[in-house]
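> Fold the following.
(4 chains)
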2 protein chains.
Amino acid sequence: MARAATTLDVFNAVAEPRRREILDVLGDGRERAVNEVVEAVGMPQPSVSKHLSVLLKVGVVTVTRNGPMRMYRLNGSNLKPVHDWAKTFERYWTHQLDQIKERAEQKMLHRRQDNNNQEEL
Amino acid sequence: MARAATTLDVFNAVAEPRRREILDVLGDGRERAVNEVVEAVGMPQPSVSKHLSVLLKVGVVTVTRNGPMRMYRLNGSNLKPVHDWAKTFERYWTHQLDQIKERAEQKMLHRRQDNNNQEEL
DNA sequence: TTGACATATTCCGATATAGGAATATTATCA
DNA sequence: TGATAATATTCCTATATCGGAATATGTCAA
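Here you go, the predicted model:
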């Protein structure tokens, strides 16, 4: 087999730096025409269209027709899974002391299995 | 050109479902031998080693030698960028009413430019 | 040194993109 | 209808993986 399909889930859609850039542009919640996005990010139009297409597929943006233009708008709620997952590890960068304490406690709890560890390179 | 290198940044490292699985296993902060991870996630050992290697490169995990074993431990703080970025859009899934209100206000503010919108497919 | 165990690495093949260029599509208007 | 603007969609190529299998590397113990 080969690499898994990416365009299908939010995590992969968002892994692309350029797509994150586009989302940042749409971050204020206002809808924008493709050309506006193109100007904002300085990428070729076909590229922007493709990325928007990916973002649309995963539901992170929505489209609306306005004459010949397509207005894209951020649908931020679909980014929640990413946030929720990352938040799982929040304690690693907040409450540093608590974290250290937790680790120490873990160590005590599992001392029997870990008592042969050496903790060095 | 081609697809951008992914293994180099946290967002891409984390985009892989299996890697997220591995991180979840290490989520309790305890260090684990590769084989323990292998058992926990039910993937072939070489696969786990490769994924751990990627996670190591982006600094999301750390290694320590313990005899013939390599103990991997989560370095969660390096996931902060992902959390921070996603948090930027937090208002989209919290304070739903505020959000609706915001949009309405946006619409009023930019009425001049948007007054020819039709809001339909 | 040999053996056993734990883990990493290499080789392979399949495939999913990303980008660029060119082109097709769609809508509006004169 | 024809022109023009706005976007989407191929087509094509280079390349970055992912997975699987086999193998190499490293460590300790007898």
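> For the residue nearest the centre of chain A, grab phi and psi.
Residue closest to the average C-alpha location in chain A (C-alpha atoms, centre = their mean): A:Val14, at 4.4 Å. When quoted as degrees, to the nearest 10, the phi and psi of A:Val14 stand at phi -80, psi -10.
> next one: A:Met43
According to degrees, to the nearest 10, A:Met43 has phi -110, psi 160.
> residues touching the closest residue to it other than its chain neighbours, list them.
Spatial nearest neighbour of A:Met43, excluding adjacent residues (C-beta to C-beta, 6 or more residues apart in numbering or on different chains): A:Arg18 at 6.5 Å. The way it works is simple: take the backbone N, C-alpha and C, and place the C-beta from them, glycine included. Neighbouring residues of A:Arg18 by C-beta atoms under 8 Å, 6 or more residues apart in numbering or on different chains: A:Val41, A:Met43, A:Ser47, A:His51.
> so the third one, which of the three states?
State at A:Ser47, reduced to three classes by DSSP: H, G, I helix; E, B strand; the rest coil: helix.
> The closest residue to it other than its chain neighbours: what secondary structure?
Distances taken as C-beta to C-beta, 6+ apart place A:Arg18 nearest to A:Ser47, at 7.4 Å, with adjacent residues excluded. For A:Arg18, the assignment made with three-state DSSP gives helix.
> what's the pLDDT at A:Arg18?
Looking at A:Arg18, its pLDDT reads 96.
> what's the spacing between it and A:Arg30?
Counting by C-beta to C-beta, to the nearest Å, the gap between A:Arg18 and A:Arg30 amounts to 20 Å.
> Can you pull the domain assignment for chain A?
A:10-77, A:80-114 (automatic domain parsing).
> For these, which has the smallest mean pLDDT value?
domain A:80-114 (a mean of 73).
> Could you pull out the strands in chain A for me?
A:32-33, A:61-66, A:69-74 (DSSP state E).
> hmm, the shortest one in reach of DNA strand D?
Yes - between strand A:32-33 and DNA strand D, judged by C-beta under 7 Å from any atom of the strand, the touching residues are A:Ala33.
> How about stretch A:13-28?
No - using C-beta under 7 Å from any atom of the strand, stretch A:13-28 never reaches DNA strand D; the gap is at least 9.5 Å.
> Now do that stretch: distance to the chain's middle.
Its chain's C-alpha centre and that of stretch A:13-28 lie 9 Å apart, by C-alpha atoms, centre = their mean, to the nearest Å.
> cool, stretch A:57-67 as well?
That offset, for stretch A:57-67, works out to 19 Å (C-alpha atoms, centre = their mean).
> how far away is the closest residue to A:Asp24 other than its chain neighbours from DNA strand C?
In this structure, A:Asp24 finds its nearest non-sequential neighbour in B:Thr88, 7.7 Å apart by C-beta to C-beta, 6+ apart. The spacing between B:Thr88 and DNA strand C, counted by C-beta to the nearest atom of the strand, to the nearest Å, is 21 Å.
> What is the burial count for B:Thr88?
Residues near B:Thr88, counting by other C-beta atoms under 10 Å in any protein chain shown, number 15.
> Surely it touches A:Gly27?
Yes - B:Thr88 lies in contact with A:Gly27 (C-beta atoms under 8 Å); the separation is 6.4 Å.
> Show me which residues of stretch A:50-69 are buried.
A:His51, A:Leu52, A:Val54, A:Leu55, A:Leu56, A:Val58, A:Val60, A:Val61, A:Asn66, A:Met69 (16 or more other C-beta atoms under 10 Å in any protein chain shown).
> In helices, which of those residues fall?
Among those, the members falling in helices (DSSP state H) are A:His51, A:Leu52, A:Val54, A:Leu55, A:Leu56.
> Show the contacting residues for the last one.
Spelled out, that is A:Leu56. By C-beta under 8 Å, 6+ apart, the neighbours of A:Leu56 are A:Thr62, A:Val63, A:Tyr72.
> Done for today, thanks.
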